[in-house]
Structure formats: structure tokens, C-alpha cells
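> Predicted coordinates and the sequence they were generated for:
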Amino acid sequence: MKKFIVYVFFIVLTAVSIYFSYGYVQSTRFDPTAVPYIEQAVAQLSRWDIDYGEGIAG
């Protein structure tokens, strides 16, 4: 019975660790300047300005 409790504790501890590790990785994935740049680029690209789009893509 003691082995079973240790096994369950290990499984729960592993699941909690993976949950918090995944949350940390997701929160630090982008540089803080990336989101404003993406919002600006999407706004410009949605205007269908070919010269601007070629500048970003090229």
C-alpha cells in the first residue's frame, strides 16, 4: 500500500510540474516588443498595400 501512495504522489507531482512548466513556457514565448509589432503589421497588411507587404516579406 505504501508503494501505491508513493506512486500516486509521484504522478500528481509530475502532472503539476508539467502544468506549471507549460504555463511558464507559454508566457515567455514572445519578446515584449513582438505583440505591438504584430498588431502594427497586421493593421498594415490588412490594407492590402503591396509595397508594404513586399517590404515585410522580402
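Looks like it came in fine.
> Show me the helices in the protein, by range?
All helices of the chain, identified by DSSP state H, fall at 2-27, 34-45, 50-57.
> Mean pLDDT and mean neighbour count for those helices - can I get that in a markdown table?
(Each C-beta comes from the backbone N, C-alpha and C, glycine too.) Putting those into a markdown table (pLDDT from 0 to 100; neighbours: other Cβ atoms under 10 Å) gives the following:
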| stretch | mean pLDDT | mean neighbour count |
| --- | --- | --- |
| helix 2-27 | 91 | 9 |
| helix 34-45 | 77 | 11 |
| helix 50-57 | 66 | 10 |
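> And Met1, how far from Phe20?
For Met1, the distance to Phe20 equals 29 Å [Cβ to Cβ, to the nearest Å].
> Identify the residues contacting the spatially most central residue of the chain.
Most central in the chain under Cα atoms, centre = their mean is Gln26, positioned 3.3 Å from the mean C-alpha point. Gln26 makes no contacts at all, as judged by Cβ atoms under 8 Å, 6 or more residues apart in numbering.
> For stretch 2-13, C-alpha coordinates in PDB please.
C-alpha atoms of stretch 2-13 as PDB (Å, rounded to 0.1, in the frame of the first residue of the first chain):
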ATOM      1  CA  LYS A   2       2.900   2.400   0.800                       C
ATOM      2  CA  LYS A   3       4.300   1.900  -2.800                       C
ATOM      3  CA  PHE A   4       0.900   2.800  -4.300                       C
ATOM      4  CA  ILE A   5       0.700   6.000  -2.300                       C
ATOM      5  CA  VAL A   6       4.300   7.000  -3.300                       C
ATOM      6  CA  TYR A   7       3.400   6.100  -6.900                       C
ATOM      7  CA  VAL A   8       0.200   8.300  -6.900                       C
ATOM      8  CA  PHE A   9       2.100  11.100  -5.200                       C
ATOM      9  CA  PHE A  10       4.800  10.900  -7.900                       C
ATOM     10  CA  ILE A  11       2.200  11.000 -10.700                       C
ATOM     11  CA  VAL A  12       0.400  14.000  -9.100                       C
ATOM     12  CA  LEU A  13       3.700  15.900  -8.600                       C
END
